[in-house]
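J.: Okay, structure incoming, though there's no sequence with it:
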């Protein structure tokens, strides 16, 4: 039994060093996610400063981090936005998923990891980090750009795809029989449709569960009720073997209007804290010695991931009537992968399907979370120079 | 003038329009109240040359600088040019019979002789509102007329 003092010292040390890493990331202009992962590598087994006392807290904190990440993802878009995205950009969404899942699926088969790992790795390479992308677009002042709605609607569709993908993945990872697996998937998809319907037609009633719109806004009440509801539904979903992440995500979609915006605001600091804990936890589960052997495959996957996302963005922007430069900007903006790739890989690591998958996913996200913002920043000068050279020769 | 409105899922709304001088201007309204003033690049119409983030207070100041002095000037003109006229500000209360109804329904000018020259909503001035402008609770209605006339508008807006 460790003393409270030791636990506090370890947790304090972890959070404080994450703060320093986050500061560094801001200074250099990259996402802090890769640095949190590196921090996790250092604190894990076989790392520089292995933790003992606080590991239990960190592992529960990481679970809460996933719930909060998915809850805020659901809050980010309203049901109406999801459906109109589906209507307008369905083809771009399908292209996005097919093109970007392919490298992961192929890699898993080439490495001889089998079909379940292929589904996992396909998810890891397919989903862009909506957090990093939205932040980068805002930082670069591109929200006004004409290609930005195209980029955002691709993110919206990935979001919707996650809601379908996560239950399927959970069922696969749980080694259920086919009948049992299909049942949980059917339950999850039925719930998704029901939630979308309720969110579109009766969102005011659901919203009233969390918040009484006639009263003055009270952040404390809103925070406790929203988080409580999300954890309740997440726990229930986990009991039904549907995945807590999906439950939290559905709660996020069901809430809407000013309450959703308010909830997003009050949950943000909490999400930032627990998401950081989650990234550290994922890093901790990876032994640093496993990273170098994964580097080659990780870099190849990263290269393929850049190319396929640029192609997706280019095609989606072109069909929206955007000029050449804007098409490349849209492609580069989508390159970043981050939190959701780790959420997917984290589920697989927890199920213990393939020991080398964790290090490969860590390596991939490390690279993509750094390359993504840089690609978005430097796509314009690079495209300009390339076009000039091409036209000269 | 044609203003284009585009939804930005997860972020907010964007409005943009071409100016007569051939440039394009836009405003991105974030859900959380931040505004970005966007100035488009004349060479690449898809991209913004500059995007200036404004806090809620800054965008209020900007909109006042651009629009409000106009109305204040007009009001001052009216009061000095026509002695005996006053400008009155009347709030639409939640129990007002005209809450949610168009301005035309009040028939304010015919019934009282005073004119509704502007409505202030969420600190934005809607000058010369048309008859189809719908009132909402919390709107401030700016009325010009003789003191008696403006008082009857206040009574009208309160109790129909």
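T.: Nice, thanks for sending it over. Everything quoted here is computed from the prediction, not taken from an experiment.

J.: Skip ahead from the helix or strand bottoming out on mean pLDDT in chain B and say which helix or strand is next.
T.: None of the helices or strands of chain B scores lower by mean pLDDT, DSSP states H and E than helix B:68-81, at a mean of 59. Once the chain leaves helix B:68-81, the next helix or strand it forms, by DSSP states H and E, is strand B:86-91.

J.: List the pairing partners of that following strand within its sheet, with orientation.
T.: strand B:140-145 (antiparallel) (DSSP bridges).

J.: So for the partner strand, mean pLDDT?
T.: Across strand B:140-145, pLDDT averages out at 86.

J.: Strands of chain B, residue ranges please.
T.: Listed in chain order, the strands found in chain B under DSSP state E are B:4-8, B:12-18, B:24-30, B:35-40, B:48-54, B:86-91, B:115-121, B:124-127, B:140-145.

J.: wait, which of these is closest to residue A:290?
T.: Among these, the nearest to residue A:290 by C-beta to C-beta is strand B:4-8 (40.6 Å). Using the backbone N, CA and C atoms, a C-beta is placed for each residue, glycine as well.

J.: mind listing what's buried in the host helix or strand of residue A:186?
T.: Assessed by DSSP H and E, residue A:186 sits inside helix A:178-201. For helix A:178-201, burial by neighbour count (16 or more other C-beta atoms under 10 Å in any protein chain shown) applies to A:181, A:184-185, A:187-189, A:191-192, A:195-196, A:198-199.

J.: residues contacting the residue nearest to residue A:81 when sequence neighbours are not counted?
T.: The shortest distance from residue A:81 to any non-neighbouring residue, by C-beta to C-beta, 6 or more residues apart in numbering or on different chains, is to residue B:9 (4.2 Å). By C-beta atoms under 8 Å, 6 or more residues apart in numbering or on different chains, residue B:9 lies in contact with A:76-77, A:81, A:85, A:149, A:152-153, A:155-156.

J.: Kindly recompute the last result at 7 Å.
T.: A:77, A:81, A:85, A:152-153, A:156 (C-beta atoms under 7 Å, 6 or more residues apart in numbering or on different chains).

J.: And for residue A:209?
T.: Residue A:209 makes contact with residue A:229, according to C-beta under 7 Å, 6+ apart.

J.: Tell me what the spatially most central residue of chain B is bridged to.
T.: Taking C-alpha atoms, centre = their mean as the criterion, residue B:126 is the residue nearest the geometric centre of chain B, at 2.0 Å. Per DSSP bridges, the residues bridged to residue B:126 are residue B:119.

J.: separation between it and chain A?
T.: Per C-beta to the nearest C-beta, to the nearest Å, residue B:126 is found 22 Å from chain A.

J.: is it true that that residue touches residue B:119?
T.: Yes - counting by C-beta atoms under 7 Å, residue B:119 is a contact partner of residue B:126 at 4.7 Å.

J.: rewinding a little: list the contacts of the residue nearest to the centre of chain B.
T.: Residues in contact with residue B:126, defined by C-beta under 7 Å, 6+ apart, are B:118-119, B:133.

J.: Please repeat the previous calculation with a cut-off of 8 Å.
T.: Taking C-beta under 8 Å, 6+ apart, we find residue B:126 in contact with B:118-120, B:133.

J.: okay, residue A:158: pLDDT?
T.: On pLDDT, residue A:158 comes in at 90.

J.: Which residues of the stretch 251-393 of chain A lie near chain B?
T.: Neighbours of chain B within the stretch 251-393 of chain A, by C-beta under 8 Å from any C-beta of the partner chain: A:261, A:265, A:322-323, A:325-326, A:329.

J.: Using JSON lines, lay out the contacts of residue B:126 together with neighbour count and pLDDT.
T.: Shown next, in JSON lines, are the contacts of residue B:126 (neighbours: other C-beta atoms under 10 Å in any protein chain shown; pLDDT from 0 to 100):
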{"residue": "B:118", "neighbour count": "23", "pLDDT": "86"}
{"residue": "B:119", "neighbour count": "22", "pLDDT": "88"}
{"residue": "B:120", "neighbour count": "18", "pLDDT": "85"}
{"residue": "B:133", "neighbour count": "16", "pLDDT": "87"}
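
J.: from those residues, which single one is nearest residue A:32?
T.: Closest approach between the contacts of residue B:126 and residue A:32, by C-beta to C-beta: residue B:120, at 42.7 Å.

J.: Quick check: closest non-adjacent residue to the closest one.
T.: For residue B:120, ignoring the flanking residues on the chain, the nearest one in space by C-beta to C-beta, 6+ apart is residue B:140 at 4.1 Å.

J.: Any part of stretch A:63-80 near chain B?
T.: Yes - applying C-beta under 8 Å from any C-beta, one finds stretch A:63-80 touching chain B at A:76-77.

J.: near chain B at all, the helix holding residue A:186?
T.: No - applying C-beta under 8 Å from any C-beta, one finds helix A:178-201 separated from chain B by no less than 14.3 Å.

J.: after that helix comes which helix or strand?
T.: helix A:203-210.

J.: Any chance you could list what contacts the helix or strand just after that following helix?
T.: Next helix or strand after helix A:203-210 toward the C-terminus (DSSP H and E): helix A:219-239. With contact meaning C-beta under 8 Å, 6+ apart, helix A:219-239 is reached by A:64, A:67-68, A:71, A:188, A:209-211, A:243-248, A:250-252, A:255, A:259, A:262-263, A:266-267, A:270.

J.: quick one: average confidence on the helix or strand following helix A:219-239?
T.: Next in sequence after helix A:219-239, counting helices and strands by DSSP H and E, comes helix A:244-254. Mean pLDDT, taken over the full extent of helix A:244-254, equals 86.

J.: okay, the angle between helix A:244-254 and helix A:219-239?
T.: Here helix A:244-254 runs at an angle of 130 degrees relative to helix A:219-239 (axes from the mean of the first three to the mean of the last three C-alpha atoms, to 10 degrees).

J.: Report all helices and strands that helix A:244-254 contacts.
T.: helix A:55-76, helix A:79-110, helix A:148-173, helix A:178-201, helix A:219-239 (3 or more C-beta pairs under 8 Å, 6 or more residues apart in numbering or on different chains; DSSP states H and E).

J.: How far does the helix or strand following that helix sit from its chain's centre?
T.: Per DSSP H and E, helix A:244-254 leads on to helix A:257-284 as the next helix or strand towards the C-terminus. Chain-centre distance of helix A:257-284: 12 Å, with C-alpha atoms, centre = their mean, to the nearest Å.

J.: And the helix or strand that comes right after helix A:257-284, what's buried?
T.: Counting by DSSP H and E, the next helix or strand C-terminal to helix A:257-284 is helix A:291-319. Buried residues in helix A:291-319, counted by 16+ other C-beta under 10 Å: A:291, A:294, A:297-298, A:301-302, A:304-306, A:308-318.

J.: Report the angle between the helix or strand harbouring residue A:377 and helix A:291-319.
T.: Residue A:377 belongs to helix A:357-392 when assigned by DSSP H and E. Angle, helix A:357-392 to helix A:291-319, by the same axes, to 10 degrees: 50 degrees.

J.: which residues does the nearest residue to residue A:206 once chain neighbours are set aside contact?
T.: Closest residue in space to residue A:206, ignoring its immediate chain neighbours: residue A:254 at 4.7 Å, by C-beta to C-beta, 6+ apart. Residues in contact with residue A:254, defined by C-beta under 8 Å, 6+ apart, are A:74, A:79, A:195, A:198-199, A:203, A:206.

J.: Can you add pLDDT and give the residues you listed back as CSV?
T.: Below are the contacts of residue A:254 laid out as CSV (pLDDT from 0 to 100):
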residue, pLDDT
A:74, 86
A:79, 79
A:195, 82
A:198, 81
A:199, 78
A:203, 71
A:206, 72
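
J.: where does chain B dip in pLDDT?
T.: Within chain B, the stretches with pLDDT under 70 are B:68-83.

J.: To clarify, my last question referred to chain A.
T.: Looking at chain A by pLDDT under 70, you get A:1-2, A:176, A:210-217.
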